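**Q** next comes the sequence, and after it the predicted model I'd like to discuss.
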Amino acid sequence: MSLMRWDPFRELEDMSTRLNRLFSQPLARRTADDGDSLSADWAPAVDVQETDKEYLVKADLPEVKKEDVAVDIQDGMLSVRGERHQEKEEKGKKFHRIERAYGRFERRLALPSEVDAQKVAAEFKDGVLKVHLPKSATAQPKTINVNVS
């Protein structure tokens, strides 16, 4: 066994990093259909983009199977939920550090009023979930000519 010099400042920095990570992650809560209150273990990072025709929501879900992801729209809210399973230690394989989040996840986003919920589409590829939220035809911008007299 080798001796290591104790560095109290490094331990403070590690604790500060862990606390910052804890408070920077959004806490996701949901209510199950049977009324039980369940909490999510983590929430995936998302990007929301807008074009003239649609909103695009991208969620990072590395090592999550397509079957373990559910996308719902209800009461003007987009809900992405599922679960990422943690690998088990096996004979001949041990973990030295586990920093990624595992378990249930959920992200809920309020939808703009101009989203056409009937035409929403989702695709899952290379660990990224893309949810296409098309704008309704009435929400498309129109150019109006103004005649000056």
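**A** Everything's here; your move.
**Q** what pLDDT does Gln140 get?
**A** With respect to pLDDT, Gln140 scores 59.
**Q** I should have written Glu106 there, sorry.
**A** Confidence at Glu106, expressed as pLDDT, is 92.
**Q** I'd like the distance between Arg10 and Phe23.
**A** Plainly put, Arg10 is 21 Å away from Phe23 if you go by Cβ to Cβ, to the nearest Å. Yep, even glycine has a C-beta here, placed from its N, CA and C like the rest.
**Q** now Glu67
**A** Distance from Glu67 to Phe23, by Cβ to Cβ: 32 Å.
**Q** tell me the SS of Ser79?
**A** strand (DSSP: H, G, I helix; E, B strand; the rest coil).
**Q** number of residues surrounding it?
**A** 16 (other Cβ atoms under 10 Å).
**Q** let me see the contact set for the nearest residue to it once chain neighbours are set aside.
**A** Distance criterion Cβ to Cβ, 6 or more residues apart in numbering; nearest residue to Ser79, sequence neighbours excluded, is Asp72 at 4.6 Å. Asp72 makes contact with Leu78, Ser79, Arg81, according to Cβ atoms under 8 Å, 6 or more residues apart in numbering.
**Q** then Lys88 would be within a helix, right?
**A** No - applying three-state DSSP, one finds Lys88 to be coil, outside a helix.
**Q** quickly note the distance from it to Lys58.
**A** Distance from Lys88 to Lys58, by Cβ to Cβ: 30 Å.
**Q** more neighbours, those two?
**A** Between Lys88 and Lys58, Lys58 has the larger neighbour count (other Cβ under 10 Å), namely 15 against 7.
**Q** so what pLDDT did the more buried one get?
**A** So, for Lys58, pLDDT stands at 97.
**Q** now name the helix or strand holding it.
**A** strand 54-60 (DSSP states H and E).
**Q** in stretch 132-149, what's buried?
**A** By 16 or more other Cβ atoms under 10 Å, the buried positions in stretch 132-149 come out as Leu133, Pro134, Lys135.
**Q** picking that back up, what strands line up against the following helix or strand past the strand holding Lys58, and which way round?
**A** Downstream of strand 54-60, the first helix or strand assigned by DSSP H and E is strand 69-74. Here strand 69-74 is paired, per DSSP bridges, with strand 77-84 (antiparallel).
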